[in-house]
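Novice: next comes the sequence, and after it the predicted model I'd like to discuss.
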Amino acid sequence: MKRIAILTGGGDAPGLNAVIRSVVKSAVNQYNCEVMGVRDGFDGFLGDYGLFPLDQAAVRGILPRGGTILGSANRGNPFARKVIRAGKEVVEDVSQKIKDNIHDLKLDALIVVGGDGTLRIARELYPIGVPVIGVPKTIDNDIGGTERSFGFDTALNIATEAIDRLHSTAEAHHRVMVLELMGRNAGFITLSAGVAGGADVILIPEIPFTIEHINDKILHRTKRGTHFSIVAVAEGAMRKGGEIIVSRMGDDVYTPRLGGIAVRVADEITRLTKIESRVIVLGHLQRGGTPTAFDRELATRYGAAAVRLAAAGGFGRMVALQNGDIVDVSLEEALATPKRVDINSDSVLTARDLGISFGDGPTF
Ligand code: F6P
């Protein structure tokens, strides 16, 4: 193994720089292997200045930094890329160009750090001859085949702190605070932060809710003399029989942008209970800033494991955490079934035991 490249794709997550640093340090130290950084996800293979050498000096000091020194792109699917040709927007497949560039650059491996969208691209590139290795990244923690993707722990801690801070102001003003958290299809951040922060209502995509059950919980607290409530809602949560709330529609290339569920829920709470409510959308604060120690360590272990896997020729595979150990699984297996909150899991049962409402039935 003489030369490898690394790219970061999709939405950023705390710990990306820790993976990059780990890949560079272990490739150089253990294999005397050169590492190239690819700018802005797969887009870096399409421009003239998209790749640059990454040595130990280039990664010095980046371990605690959020974001990614490589840049990222979540609109850069090489199999379906929007370009303007003769003034018209067309969708093109540029995957062959990426393969040819990788061949011309004599890359022995391409380490792809990304969430399900980016890893799906890696899975498609592998059969056409691109030697990909995947590293699971997403604050949503919804990638299959691994217990954890890095970034989740940091987002969870930020969301928990937000709930802690909302308690005092909610109590002071006798209000309902509705906190919207990220979680497109999976409610892991909202569930864990809701339990860790002591939310009264937790709404996640896996458990459709009714406003009536949420209001019953809030009114029950009022009757007991507790005149405030905290509702933690994942952006992808939906009413029973309802639909996901989208702030910008998607198309065949762009995924829809979610957002707005907290406003809908808060409006209905105030309308029906007459209790004042406020909405807080935590948004990208969950993704920015320094990673927790857990995420830094996990990202570092993933980076080194990805280099070992590349040296062993384990292409088409993804490093993963299982029972505390770093293992590898095929990208096929990792992407076959996306990870979702198990509604019979201990975390959900614990929340229910404590009287936390999921808005799906009576809970007191
Ligand atoms: O996939 C991670 C995630 O944080 C989702 O929860 C959220 O819907 C999405 O990214 C938003 O990403 P962006 O604003 O970068 O399009």
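Specialist: Cool, got the structure. Being a predicted model, the structure only gives us computed values, none of them experimental.

Novice: what about residue 49, how many residues nearby?
Specialist: 7 (other CB atoms under 10 Å). C-beta coordinates here come from the backbone N, C-alpha and C atoms, glycine included.

Novice: now it: how far from residue 291?
Specialist: Separation of residue 49 from residue 291 (CB to CB, to the nearest Å) stands at 28 Å.

Novice: same thing with residue 278?
Specialist: 29 Å.

Novice: who's more crowded, these two?
Specialist: Counting neighbours by other CB under 10 Å for residue 278 and for residue 291 shows that residue 291 has the greater number, 26 against 16.

Novice: dump the residue contacts of the residue nearest the centre of the chain.
Specialist: Residue closest to the average C-alpha location in the chain (CA atoms, centre = their mean): residue 138, at 2.6 Å. Contact analysis of residue 138 by CB atoms under 8 Å, 6 or more residues apart in numbering lists 10, 11, 13, 115, 116, 149, 151, 152.

Novice: which of these are close to the ligand?
Specialist: With CB under 6 Å from any ligand atom as the criterion, these include 11, 115 near the ligand.

Novice: pLDDT wise, what is the nearest residue to residue 315 once chain neighbours are set aside at?
Specialist: Closest residue to residue 315 apart from its sequence neighbours, by CB to CB, 6 or more residues apart in numbering: residue 131 at 4.4 Å. Residue 131 is assigned a pLDDT of 98 by the prediction.

Novice: surely residue 319 forms part of a strand?
Specialist: Yes: under DSSP: H, G, I helix; E, B strand; the rest coil, residue 319 sits within a strand.

Novice: the closest residue to it other than its chain neighbours: what's it in contact with?
Specialist: Residue nearest to residue 319 in three dimensions, not counting chain neighbours: residue 305, with 4.4 Å by CB to CB, 6+ apart. Going by CB under 8 Å, 6+ apart, residue 305 touches 319, 326, 328.

Novice: same question for residue 21.
Specialist: 59, 62, 63, 300, 303.

Novice: if we use 7 Å, what do you get?
Specialist: 59, 62, 63 (CB atoms under 7 Å, 6 or more residues apart in numbering).

Novice: returning to that earlier point: what about the residue nearest to residue 319, distance to residue 187?
Specialist: For residue 305 relative to residue 187 (CB to CB), the value is 28 Å.

Novice: is it true that residue 70 touches residue 38?
Specialist: Yes: counting by CB atoms under 7 Å, residue 70 does reach residue 38; the two are 6.4 Å apart.

Novice: which residue ranges of the stretch 101-250 of the chain form strands?
Specialist: Along the stretch 101-250 of the chain, counting by DSSP state E, counting those that start in this stretch, strands occupy 109-114, 132-136, 176-181, 201-203, 229-234, 246-248.

Novice: how big is the angle separating the third one from strand 229-234?
Specialist: Right, strand 176-181. Put simply, strand 176-181 runs at 20 degrees to strand 229-234, going by axes from the mean of the first three to the mean of the last three CA atoms, to 10 degrees.

Novice: low pLDDT regions in the stretch 151-300 of the chain?
Specialist: Low-confidence segments of the stretch 151-300 of the chain (pLDDT under 70): 252-253.

Novice: for residue 33, which residues are in contact?
Specialist: Contacts of residue 33 by CB under 7 Å, 6+ apart are 1, 2, 3, 4, 27.

Novice: I figured the first one hits residue 309, correct?
Specialist: No: here residue 1 lies out of contact with residue 309, judged by CB under 7 Å, at a distance of 10.8 Å.

Novice: neighbour count winner among those two?
Specialist: Comparing residue 1 with residue 309 by other CB under 10 Å, the one with more neighbours is residue 309, at 21 against 16.

Novice: what pLDDT does that one get?
Specialist: 98.

Novice: phi, psi of it?
Specialist: With angles defined as degrees, to the nearest 10, residue 309 sits at phi -70, psi -40.

Novice: so who does it touch?
Specialist: 133, 317, 319, 328.

Novice: so for the third one, what's the pLDDT?
Specialist: The confidence metric pLDDT takes the value 98 at residue 319.

Novice: from memory it sits against residue 329, does it?
Specialist: No: with contacts counted by CB under 7 Å, residue 319 stays clear of residue 329, the gap being 8.4 Å.

Novice: could you report the neighbour count for the spatially closest residue to residue 211 that is not a sequence neighbour?
Specialist: Leaving aside its sequence neighbours, residue 211 sits nearest to residue 268 (CB to CB, 6+ apart; 4.5 Å). By the measure other CB under 10 Å, the count of residues near residue 268 is 17.

Novice: and the residue lying closest to residue 334 once chain neighbours are set aside, how far from residue 336?
Specialist: The shortest distance from residue 334 to any non-neighbouring residue, by CB to CB, 6+ apart, is to residue 145 (3.6 Å). As judged by CB to CB, residue 145 and residue 336 stand 8 Å apart.

Novice: same check on residue 157?
Specialist: For residue 157 relative to residue 336 (CB to CB), the value is 30 Å.

Novice: the more surrounded of these two?
Specialist: residue 157 (19 against 11).

Novice: in stretch 170-177, what's buried?
Specialist: Using 16 or more other CB atoms under 10 Å as the test for burial, stretch 170-177 gives 170, 175, 176, 177.
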